[in-house]
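**Student:** Below: sequence and its predicted model.
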Amino acid sequence: MNVFVIGDVMLDVELQGRFRENYEGAALCITGPQWRYYPGGAANVAVLLRGMGHQVTLFGLMGPDWAAAQLQHLLGRITHFCKPLLPTTIVKLRAHSQRQLIARVDCEDTTAVTYPLEAALEEAQANGIPDAVIFSDYSKGIFGQHTAEAVQRIIGWDCPTVVDPRPCDYLQIWEGATAATPNRRESKQMEIATRYLVVTDGENGAVVHDGAETRHIPTGPVENPQIIGAGDAFTAGLAVGLAEGKDIFEATQLAVSYASRYVAQPRGALY
């Protein structure tokens, strides 16, 4: 199966260390040798799909910078069309001490661009449309009114199109997509005209709205879940289920099961 992932490419950096208050004049100091790098956003979706055994093509923005170098290593042999002339969209640094999040620092570049959408259209024209498309939107500049026409052209392809959206002022660009996967908090802040609305709700599973029926898809309990990237895992699972020909309820069950596996293991275990 070939899946296109289009969206905000991120690098996640995690520091596991020891919190030292007012150390050498610093208001916040965390010392420790354990720097770990993970793909984030659209890159995380792509790597998870690769771990599921699928062919993935990623469209986004990277480097040239140190974050892009790390992402190139993490992506491995995933085919990616990432504009090399602009900074990597976002780098997230999370610092933990004794399993508690102490600080988070985000470095962002939210320049409005159209390149990822143009590259996806060109790739489909050259080699055929994929089995599914995922729009991974973190509202960092990849999507907006400037990409409305290209997004609608992709939604018009004969394949499932799944949107992982954020509350924003351009939600109308997703009209007609197969499904949107906001979390419960996000869903209260948006009206989105996709065919199906699948609202994720953490340990409670997900709720599917198909226009005629609303159905709760539960999940089992997970002890000490690792939740960073859980939404990416759910979206990847849903797109695969739809591409396999499952109905929206069966595809959501697959997505819930896959996301449950994801949060039950250390980060990166399913890559």
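**Tutor:** Sure, I can see it. Residues are numbered from 1 along each chain as shown.

**Student:** which residue ranges form the strands in the protein?
**Tutor:** 2-7, 9-23, 26-41, 55-61, 79-83, 90-97, 100-108, 132-136, 161-164, 179-180, 196-200, 206-209, 214-217 (DSSP state E).

**Student:** So what's the gap between the fifth one and the chain middle?
**Tutor:** Per C-alpha atoms, centre = their mean, to the nearest Å, the displacement of strand 79-83 from the mean C-alpha position of its chain is 16 Å.

**Student:** need the strands of the chain in TSV with mean pLDDT, mean neighbour count and distance to Pro225, can you?
**Tutor:** For every residue, glycine as well, the C-beta is placed using N, CA and C. Formatted as TSV, the strands of the chain follow (pLDDT from 0 to 100; neighbours: other C-beta atoms under 10 Å; distance: least, C-beta to C-beta, whole Å):
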stretch	mean pLDDT	mean neighbour count	distance to Pro225
strand 2-7	97	27	24
strand 9-23	79	18	16
strand 26-41	80	15	16
strand 55-61	93	25	25
strand 79-83	79	18	29
strand 90-97	72	19	15
strand 100-108	74	12	14
strand 132-136	98	28	21
strand 161-164	98	28	19
strand 179-180	98	27	23
strand 196-200	98	23	13
strand 206-209	97	20	15
strand 214-217	96	14	17
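
**Student:** so which of those strands gets nearest Met190?
**Tutor:** strand 179-180 (8.3 Å; C-beta to C-beta).

**Student:** What are the contacting residues of the closest one?
**Tutor:** Contact with strand 179-180 is made by 160-165, 174, 192, 194-198, 238, 242, 248, as judged by C-beta atoms under 8 Å, 6 or more residues apart in numbering.

**Student:** which among those gets closest to Ala259?
**Tutor:** Of these, the one sitting nearest to Ala259 (C-beta to C-beta) turns out to be Leu238, at 9.2 Å.

**Student:** any idea how far Pro225 is from the spatially closest residue to the closest one that is not a sequence neighbour?
**Tutor:** Once flanking residues are discounted, Leu238 sits nearest to Ala255: 3.9 Å by C-beta to C-beta, 6 or more residues apart in numbering. With distances taken as C-beta to C-beta, to the nearest Å, Ala255 is found 16 Å from Pro225.

**Student:** before we move on, what about Asp158?
**Tutor:** Taken as C-beta to C-beta, the span from Asp158 to Pro225 is 37 Å.

**Student:** Leu242 too?
**Tutor:** 25 Å.

**Student:** between these two, which one's more packed in?
**Tutor:** Ranked by neighbour count (other C-beta atoms under 10 Å), Leu242 and Pro225 place Leu242 first, with 25 against 16.

**Student:** Name all residues that make contact with the more buried one.
**Tutor:** 132, 160, 162, 178-179, 248, 251.

**Student:** which of those residues sit farthest apart?
**Tutor:** Going by C-beta to C-beta, the pair spanning those furthest: Ala132 and Ile248, at 13.5 Å.

**Student:** Would you confirm that Ala150 contacts Val113?
**Tutor:** No. Counting by C-beta atoms under 8 Å, Ala150 does not reach Val113; the two are 11.3 Å apart.

**Student:** Please identify which of those two sits among more neighbours.
**Tutor:** Neighbours per residue, other C-beta under 10 Å: of Ala150 and Val113, the larger number sits with Val113, 21 against 18.

**Student:** Tabulate the CA atom coordinates of the top helix by length along the chain in CSV.
**Tutor:** Secondary structure of the chain per DSSP state H: the longest helix is helix 248-263. Provided in CSV are the C-alpha atoms of helix 248-263 (Å, rounded to 0.1, in the frame of the first residue of the first chain):
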residue,chain,number,x,y,z
ILE,A,248,-15.7,3.9,8.9
PHE,A,249,-16.5,1.9,12.0
GLU,A,250,-14.2,-1.0,11.2
ALA,A,251,-11.4,1.4,10.3
THR,A,252,-11.9,3.3,13.5
GLN,A,253,-11.7,0.0,15.5
LEU,A,254,-8.4,-0.7,13.7
ALA,A,255,-7.2,2.9,14.5
VAL,A,256,-8.1,2.6,18.2
SER,A,257,-6.3,-0.8,18.5
TYR,A,258,-3.2,0.5,16.8
ALA,A,259,-3.1,3.7,18.9
SER,A,260,-3.6,1.6,22.1
ARG,A,261,-0.5,-0.5,21.0
TYR,A,262,1.4,2.7,20.4
VAL,A,263,0.8,4.3,23.8
